[in-house]
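Student: Show me the folded form of this:
(one chain, ligands or ions: 2)
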Amino acid sequence: MRTNQPQTIYLSDYKAPAFLVDQVDLCFELFEDGARVHSTLSMRQNPESGSGAPLELHGDSLKLEFLALNGTPLLAGAYQDEGDKLVIPEVPAEFELAVVTWIEPQNNTRLEGLYKSSGMFCTQCEAEGFRCITYYPDRPDVMARFRTRVEADKSAYPVLLSNGNPVEQGDLDNGRHFVTWEDPFPKPAYLFALVAGDLLEKRDTFSTCSGRNIELRMYVEPRNSEKCEYAMDALKRSMRWDEEVYGREYDLDIFMIVAVDDFNMGAMENKGLNIFNSSCVLASQDTATDAAFQRIEAIVAHEYFHNWSGNRVTCRDWFQLSLKEGFTVFRDSQFSADMGSPTVKRIEDVTLLRTAQFAEDAGPMAHPIRPASYMEITNFYTLTIYEKGAEVVRMIHNLLGEELFRKGSDLYFERHDGQAVTTDDFVRAMEDASGRDLSQFRLWYEQAGTPVVAVTDDYDESRGVYRLTIRQSIPNTPGQTDKKPQHIPFAIGLLNSAGDPLPLNLNAEERNGPLERVLELTETEHSVEFHGLPERPVPSLLRDFSAPVRVQYPWTREQLLFLMSHDPDGFNRWDAGQRLAVDVIQSLLGAPDDAAVEPRLVEAYRHLLNDIELDQALVAKMLLLPSEAYLVELSDQADVPAIHDAREQVMKHLAHALRDELVACYQRNLDQGDYQLSSEAIARRSLRNIALAWLLHIDDEQALALAGEQFDNADNMTDRLGALRALVNSGFEHERNQALAAFYQRFSEDPQVVELWFSVQASSDRAGQLPQIQQLLQHPAFDWKNPNKVRSVVGAFAGQNLAAFHSPDGSGYQFLAEQVCRLDDSNPQIAARLVSPLTRWKKFAPHYCEQMKAALERIRDKSELSRDVYEVVHKSLAD
Ligand code: B3K
Ligand code: ZN
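Tutor: Ligands and ions are numbered 1, 2, ... in the order given. Reported below is the predicted structural model:
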C-alpha cells in the first residue's frame, strides 16, 4: 500500500466489529504463475453493534474474480472495490459470502500474506497479511473456525499444510493433489497459515499431563535433515514447562513447525503450525553457535507459549499487542532462566533492554507499551512492546509473588478463553485473583519513557540511621508531558564494610529485618530510614533489575569495586562492574591516555580472571566491556569515533596488563571431552573465546597460533566462529583473509552460516569499512530478497559497526539511506526497520547529527514512500 499521507489509527476510535464470521471455508489452488483463493464466509451481524452498517472487508493487492451473496453473484454496482476495502452497502442479518481472488505469491517480495520462499509456498499473516490473500474482516477481534483445502502439483508440493488437523486428502487430475485441514478453535485471521512444498518430515511425540498423545512434526528442506533435533527437544521441554509452571496443556492433536529461509522476523505462532525463520530453528553443533542454540530454545518456547498467551486468549485490537507479546516474552524468559542460569539470563535481558529499548523510549518513536495511535502497525513490533512489556509483567509477578501470580494467570486464561481482550483485562484478572490494587500500576501501560530514579542518601552516625531519598521522574516523550509518578517496585539491600548483608530494620525497635526489601515507590519522592546501623552501609540498588528504570546514585569507584566482589545479588555484581567500566571509559573520552586507565579496574578484572569459585558463566558476562551502543545510549551529543577509541584504549590496556592471565584462562578452559550444551560448558567456551578476542586485539603472536589451531580443529561453531571473529578483529591481515576464505569455502552451501560470515565482517571495524560492505553486497551469496542477508550485511554494519557507520564524512549515513530507498520498493517492513539507527540523530554531536538528518531527509524525499518508512522517517524528523 503506497500513499503519501498515511492515516493515523487511534485506540480511542475502537469500535466493535459490525459483522462476525462463524465459519471460513477456504480452497487454495496453487500454481506457478499465481494462486486462486476461494473463500466462503458464514457471517452475521454483531448483536453488540447497531444494525444497518455496510459490510466492509479488508483487501490488499487482490484481484477480485468472483463475488456472491447467498449464492447470487454480485454485479459491479452492488459493491465498491475501494482498493484497500471492499464495501457491500446492503447485506442481510445473516448470510454467506463467496469470494474468489487471484494473487501472485511468486511476485510477493513483501513477504506478507502468501508468498514463495525457495520453491515452497508459505504465509505470514500477522498483523494484516490475511487481507493480501482474500477479502476479509482482517482484525483480531473477529474470530472464526477455519477449514482449508490446499490443492497443488503433487510432485513439486507433496506436503500441504494448514492449521488444525488433516481431515481429507486425495489425488486430482493433472498430477495434482489436495489436503483439507480443519481447525476446531475459532481464531483471528492473523493466525492462519498455509505451507506447500517438497519438505522432509521429522516426527516425534509428546504425552501431555492428561495423557493425550500429541504428534510433533517438523518440516524442513531435505538438506536440513540433521538440524532439527535441538528444536524438537526444545519444543518438548517447552510443552512440559508450560504444563508445570502455568498449568497449560496443548490442545490440538498435532503441533507442526516449518522452517523457511525468507522470513521478515524470527517466527510466527500460527495455530498448530508455527512457521520459523530457518536461522531461528535449524541448528547443529557444526553450524550453530551456543548463542544460536539458546536463541532457538527461547524462540521455540515463545511461539509455543503463544498457543495460550495469544491464540486461545488473543488481542482485541493491535494496540493491545503487548497483551500477548509482553506476557509471552516474560514467559519465555522465565523458561530460559529455568533451563540455564537465571542470573545470566537476567543480565542478557537487561543488556538488551538498557541498550536498545531505553534508546527507543528516548527517541522519536517512543510509545507506551499500549500505544494510543499508529500509522503502520508493523512498526510497532518493538522492543518496547516486547521487552518493556515483559518487564511490566515481571513487575506484576514480583509484586504479587509466585503463587498469586499463578492464580491471576489461571483466572485470566479461564475467564477469557476464546476471547479477544485488552491489557486492562489482563491486569484486572491479576487484581481479582490477588486482591491487590493495581490502578496506579496501570500507568506503565499508558506512559512512554523510561523513568529516572535518582537516589541520595545520608547517614546519621549518632543514631545509627541511614536514610535513602528516592525521586522518580519520567522524561517527556512525543505527545506526552507532565507525567504522573508510577508504581515502581525497587528492590534493595545494604552491605557493611566486611561485605555482609545487613538486616533492613525500618524502625528503632525492629531487630532482625529482612536482608532485602522491595520498596514500592508511588510518589515523586520517597524516603525511607534504616535503623541500627553502626557504620555507613553501601547500598545495593534495584536488585535483579526489579523495574525498567534508570537508577542514578553518586557511586564512587570504591563502592563499585566493593559491590563487584561482594554484592550477594549476582545481577548487581555484574552491574557494578559495568558502571565502573563505563565510568573509566567515559573519563578517557576525547583525551585518550593509556596511563589514565584506572589501575583498580585492571586489578578487578585480574581478580575475575583468577576467580574460579564464582559461577564461571557470571565471570564471562562480567568480563565483557559495555558495548559501544550502550555507551552511546548513555551519552548526550555522542561522538562515536571518540567513544570507540576510548573503549578500544581500555580493552587494549586490559589485554596488555592481563596478558598472562588471559593465556592461562584460555588454557584452563580448553575442553577435553565432547561438545556439551550445559551452562558450564557454554561458560568455558565463552571464557576462552573472550580471552582469545582480547589477546588478538593486541596482536599477540601466541594467541594468533592458538586462534589458528582453534579455527582449524574446532568441533563446533562457537569455537570456529570465535576464532574467526578474533582473527577478523586483529591486525593480522593475512591470517584474517585466509580464515575468511577458508570459512566461506567450507560453509558456502549453508545459508545460515553464510549469514554469520557476512555479519562477522559487516560488524567489524577492521573488515567492515564501507568499501568492503559494498563488496559484500556484490557477493554471489548476497540476496536483496532475503531479509536475513540484508540484516547480516546492512543491519550489522549500521547497528553493530558503529565507528564505521558514523564515519565523520557521513558516508555511512548516505549508504544506509540508499539501501533503505532501494528496499522500500520491495520489502517496506525490512526497510523501515533499517531506518532505526538514523532515527536518533538528535543524540549525536552536531557534526554527525546534521548529516544523519540529511540522510533521513533524503529518504523522506523518495517518491512513493511506503507507509512503513513514511511513519518512521516523518516521526523522526518532527520537532
Ligand atoms: N507474533 C509474531 C510477530 C509478527 C510480526 C508481524 N510483523 C512473532 C512473535 O512475536 O512470536
Ligand atoms: Zn510473540
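
Student: The longest helix seen in the chain - what's its average pLDDT?
Tutor: Across the chain, the longest stretch assigned as helix under DSSP state H is helix 389-416. For helix 389-416, mean pLDDT rounds to 99.

Student: So which other helices or strands are in contact with it?
Tutor: helix 229-246, helix 321-339, helix 423-434, helix 443-446, strand 488-495, strand 517-521 (3 or more Cβ pairs under 8 Å, 6 or more residues apart in numbering; DSSP states H and E). Every residue, glycine included, has its C-beta placed from N, CA and C.

Student: who wins for proximity to ligand 1 among those?
Tutor: With Cβ to the nearest ligand atom, the closest approach to ligand 1 among those belongs to helix 321-339: 5.4 Å.

Student: okay, the angle between the closest one and helix 423-434?
Tutor: On the basis of axes from the mean of the first three to the mean of the last three Cα atoms, to 10 degrees, helix 321-339 is oriented at 50 degrees to helix 423-434.

Student: Quick check: mean pLDDT of helix 321-339?
Tutor: If you average the pLDDT over helix 321-339, you get 99.

Student: roughly how far out does it sit from the chain middle?
Tutor: The chain centre lies 11 Å from the centre of helix 321-339; the measure is Cα atoms, centre = their mean, to the nearest Å.

Student: Let's see it as CSV, backbone CA atoms only.
Tutor: Output of helix 321-339 as CSV, limited to C-alpha atoms (Å, rounded to 0.1, in the frame of the first residue of the first chain):
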residue,chain,number,x,y,z
LEU,A,321,-0.2,-6.2,21.2
SER,A,322,1.8,-6.3,24.4
LEU,A,323,-1.0,-8.3,25.9
LYS,A,324,0.3,-11.3,24.1
GLU,A,325,3.9,-10.3,23.4
GLY,A,326,4.9,-8.8,26.7
PHE,A,327,3.4,-11.7,28.6
THR,A,328,4.9,-14.3,26.2
VAL,A,329,8.3,-12.8,26.4
PHE,A,330,8.1,-12.8,30.2
ARG,A,331,7.1,-16.5,30.0
ASP,A,332,9.9,-17.4,27.6
SER,A,333,12.4,-15.6,29.8
GLN,A,334,11.2,-17.5,32.9
PHE,A,335,11.6,-20.7,30.9
SER,A,336,15.1,-19.9,29.7
ALA,A,337,16.1,-18.9,33.3
ASP,A,338,14.8,-22.3,34.4
MET,A,339,16.7,-24.1,31.7
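
Student: Specify the angle between the helix or strand following it and helix 321-339 in degrees.
Tutor: Next helix or strand after helix 321-339 toward the C-terminus (DSSP states H and E): helix 342-352. Between helix 342-352 and helix 321-339, the angle comes out at 140 degrees (the same axes, to 10 degrees).

Student: before we move on, back to that, same list (the helices and strands packed on helix 389-416) but as JSON lines, adding distance to Asp712 and mean neighbour count.
Tutor: Shown next, in JSON lines, are the helices and strands packed on helix 389-416 (distance: least, Cβ to Cβ, whole Å; neighbours: other Cβ atoms under 10 Å):
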{"stretch": "helix 229-246", "distance to Asp712": "25", "mean neighbour count": "19"}
{"stretch": "helix 321-339", "distance to Asp712": "32", "mean neighbour count": "24"}
{"stretch": "helix 423-434", "distance to Asp712": "53", "mean neighbour count": "20"}
{"stretch": "helix 443-446", "distance to Asp712": "52", "mean neighbour count": "20"}
{"stretch": "strand 488-495", "distance to Asp712": "48", "mean neighbour count": "21"}
{"stretch": "strand 517-521", "distance to Asp712": "52", "mean neighbour count": "17"}
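
Student: Just send these back as JSON lines, with distance to Leu618 too.
Tutor: Formatted as JSON lines, those follow (distance: least, Cβ to Cβ, whole Å):
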{"stretch": "helix 229-246", "distance to Leu618": "23"}
{"stretch": "helix 321-339", "distance to Leu618": "14"}
{"stretch": "helix 423-434", "distance to Leu618": "32"}
{"stretch": "helix 443-446", "distance to Leu618": "29"}
{"stretch": "strand 488-495", "distance to Leu618": "18"}
{"stretch": "strand 517-521", "distance to Leu618": "23"}
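
Student: nearest to ligand 2, of those?
Tutor: Of all the helices and strands packed on helix 389-416, helix 321-339 sits nearest to ligand 2, with 4.8 Å by Cβ to the ion.

Student: did I read that right, Lys271 in a strand?
Tutor: No - under DSSP: H, G, I helix; E, B strand; the rest coil, Lys271 sits outside any strand and is assigned coil.

Student: Redo the helices and strands packed on helix 389-416 as a markdown table? Include distance to ligand 1.
Tutor: A markdown table is the format used below for these (distance: least, Cβ to the nearest ligand atom, whole Å):
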| stretch | distance to ligand 1 |
| --- | --- |
| helix 229-246 | 13 |
| helix 321-339 | 5 |
| helix 423-434 | 16 |
| helix 443-446 | 18 |
| strand 488-495 | 26 |
| strand 517-521 | 30 |
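
Student: The ones you listed: which one's closest to Val597?
Tutor: With Cβ to Cβ as the criterion, Val597 lies closest to strand 488-495 of these, at 26.9 Å.

Student: Run through who's touching that closest one.
Tutor: For strand 488-495, the surrounding residues in contact (Cβ atoms under 8 Å, 6 or more residues apart in numbering) are 395, 398-399, 451, 453, 466, 468, 470, 472, 501-502, 504, 515-522, 530, 533, 537-544, 546-547, 549, 562-563, 566-569.

Student: Same question for stretch 695-714.
Tutor: The contact list for stretch 695-714, computed with Cβ under 8 Å, 6+ apart, reads 648, 651-652, 655-656, 659, 662-663, 666, 692, 719-720, 722-724, 726-727, 729-732, 735, 739, 742-743.

Student: Check which residues of it are buried.
Tutor: Buried residues in stretch 695-714, counted by 16 or more other Cβ atoms under 10 Å: 695-698, 700, 703-704, 706-708, 710-711, 714.

Student: That stretch: how far from the chain's middle?
Tutor: Centroid separation between stretch 695-714 and its chain, computed with Cα atoms, centre = their mean, is 33 Å.
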